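[1] sharing a model that was predicted from the sequence below.
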Amino acid sequence: MPHRYDTAYLVDTARMGTIHSFCSDVLREVALRTGGNPGEEIVDEVSSLGLMAQVARDSVVAGIESGSVEGLDELLETWSVREVERFVTDLLRDLDRLRVLRQFR
């Protein structure tokens, strides 16, 4: 029969958490074994949508401030900044469509 201290140790060292944290741990372990970066942040879908919206907003603002995005002024004559940000976010979500659009650049 195991001693209580041994049982307590097993409980304390058990891996417990959500499926997401479990998968993150597994990915980090695999990264260590394959020479990857175990410190790389893994972003869930909800967080990634927020990051995409922030990137879109920052990109549109940077384009407005720098004046270096060809056709942005004309686009903003028809669409609001918020609508352009939403369009850019949608493109980030659909990378296949973005690749097709880049071919016509």
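    Noted; the coordinates are in hand.

[2] so the residue nearest the centre of the chain versus residue 41, what's the distance?
    The chain has residue 48 as the residue nearest its centroid, 3.4 Å off, counting by Cα atoms, centre = their mean. Distance, residue 48 to residue 41, by Cβ to Cβ, to the nearest Å: 11 Å. To be clear about C-beta, it is placed using only N, CA and C from the backbone, and glycine gets the same treatment.

[3] residue 5 now?
    Distance from residue 5 to residue 41, counting by Cβ to Cβ: 37 Å.

[4] downstream of the host helix or strand of residue 5, the next helix or strand is which one?
    Per DSSP states H and E, residue 5 falls inside helix 4-13. Sequence-wise, the next helix or strand downstream of helix 4-13 (DSSP H and E) is helix 19-34.

[5] show residues contacting that following helix.
    Contacts with helix 19-34, where a contact means Cβ atoms under 8 Å, 6 or more residues apart in numbering, come from 15, 17, 36-38, 40, 42, 44.
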